[in-house]
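J.: Here's my sequence, what's the structure:
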Amino acid sequence: MMNKIKPDLDIILDVLKLTFASYPTSKFIESLLYQYQERGSLSKKQLEGLYSKASNVKSIPPGKLATLEAIILKKPTRYKSEATTPKPLSAKDELVEKYLIDILAKYPQHKMVLFIKMKFDNNEAITTLEKSEITRLHKILIK
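T.: Residues are numbered from 1 along each chain as shown. Okay, the predicted model is just below:
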């Protein structure tokens, strides 16, 4: 709860009570009043709903409505972030795959090539250095 200049003056509670007096059957206002008395605060959306109901009540002084509007404007607006879409799996480099198969066909026990082939098969990222090594080895060993 925020520090109030005059703690005995509670505009939100006053507006809630006056609105509830005008709409005694409104479950919305009743729940807002209950929540405000229990927790001591309302969310920005709830205050906006209260303001829209209270602005139709003639017995509420315009100064209290203006103060309620100022309280609403002071509260931060929360935005929900957009749901992130998963990145598509990077397309496998067919040239690297061909080079790996060619090298392993001729040298099936080559440890570095086996390691990179395992990474390639598990869809793990292959660095540009590893790609250049595979290209270099292919030039040396196959051609």
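J.: need the helices for this structure, in chain order.
T.: Taking DSSP state H to define them, one finds helices in the chain at 11-22, 27-39, 44-54, 62-74, 94-106, 111-121, 128-141.
J.: what is the rounded mean pLDDT of the longest one?
T.: pLDDT averaged over helix 128-141 equals 90, rounded to a whole number.
J.: Which neighbouring elements make contact with it?
T.: Under the contact definition 3 or more CB pairs under 8 Å, 6 or more residues apart in numbering; DSSP states H and E, helix 128-141 sits against helix 94-106, helix 111-121. Using the backbone N, CA and C atoms, a C-beta is placed for each residue, glycine as well.
J.: Which residues does that helix contact?
T.: Outside helix 128-141, the residues that touch it by CB atoms under 8 Å, 6 or more residues apart in numbering are 93, 96, 99-100, 102-103, 106-107, 110, 112-113, 116, 119.
J.: Figure out which of the helices of the chain is closest to residue 81.
T.: Closest approach to residue 81 among these (CB to CB): helix 44-54, 17.4 Å.
J.: Relative to residue 74, which of the helices and strands packed on helix 128-141 is closest?
T.: Ranking these by proximity to residue 74 (CB to CB) places helix 111-121 first, at 54.3 Å.
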